[in-house]
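Asker: Quick one: sequence and predicted model below, then my questions.
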Amino acid sequence: MSEEKQHRNLFNRHKEDGGEQVPQSADHQYGEGNAQTAEKEKALKGEKYHKHMEELAEGGALATGGFALHEKHEEKKDPEHARRHKIEEEAAAAATVGEAGYGFHEHHDKKESKEEEKEAEGKKHHHLF
């Protein structure tokens, strides 16, 4: 091994290399006048955002559904506080339905973003009916 320690900068490149700079956005790479590229980039960001939110909604629906099942079990196990567990179960069930609805909404938005991306690429499909 060499006794000299290698220094790396923020992008994990050697300081003496002076490697090329990575552009921060599409405007620097393609020029500010290219609206089609910016439109495509925006559609890709939207698709990624909606996919992430859809996955979060699915996780939330799973968690609240699990809590509702737990409260249903506690209702049977603890008859002294059955009323409280029943109310919490119903609240958790309602939250589960809400989370599932939000996930469905985000899935629809993700599909719209995909369509916008295709239109930005130039593959326009107009449905007549």
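Answerer: On my side now, so go ahead. Since the structure is predicted, the reported quantities are computational estimates derived from the model, not experimental observations.

Asker: Could you pull up the mean pLDDT of the lengthiest helix in the chain?
Answerer: When the chain is parsed with DSSP state H, its longest helix is helix 35-77. Mean per-residue pLDDT for helix 35-77: 90.

Asker: Next: stretch 117-124.
Answerer: pLDDT averaged over stretch 117-124 gives 74.

Asker: got a list of contacts for it?
Answerer: Stretch 117-124 is contacted from outside by 36, 39, 40, 43, 44, 47, 125, using C-beta atoms under 8 Å, 6 or more residues apart in numbering. Just so you know, the C-beta spots here come from the backbone N, C-alpha and C atoms, and that holds for glycine as well.

Asker: Can you point out the buried residues in it?
Answerer: By neighbour count on 16 or more other C-beta atoms under 10 Å, the buried set for stretch 117-124 is 117, 119, 120.

Asker: cool, and stretch 100-113?
Answerer: Applying 16+ other C-beta under 10 Å to stretch 100-113 flags 100, 102, 103, 106, 109, 110, 113 as buried.

Asker: swap in stretch 63-80?
Answerer: For stretch 63-80, by 16+ other C-beta under 10 Å, it's 64, 65, 67, 68, 71, 72, 74, 75.

Asker: Tell me how far residue 59 lies from residue 86.
Answerer: For residue 59, the distance to residue 86 equals 25 Å [C-beta to C-beta, to the nearest Å].

Asker: Over to residue 52?
Answerer: For residue 52, the distance to residue 86 - C-beta to C-beta - is 35 Å.

Asker: Make JSON lines out of the buried residues of stretch 63-80 and add distance to residue 96.
Answerer: As requested, the buried residues of stretch 63-80 are exported to JSON lines (distance: C-beta to C-beta, whole Å):
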{"residue": "64", "distance to residue 96": "4"}
{"residue": "65", "distance to residue 96": "5"}
{"residue": "67", "distance to residue 96": "8"}
{"residue": "68", "distance to residue 96": "6"}
{"residue": "71", "distance to residue 96": "11"}
{"residue": "72", "distance to residue 96": "12"}
{"residue": "74", "distance to residue 96": "17"}
{"residue": "75", "distance to residue 96": "16"}
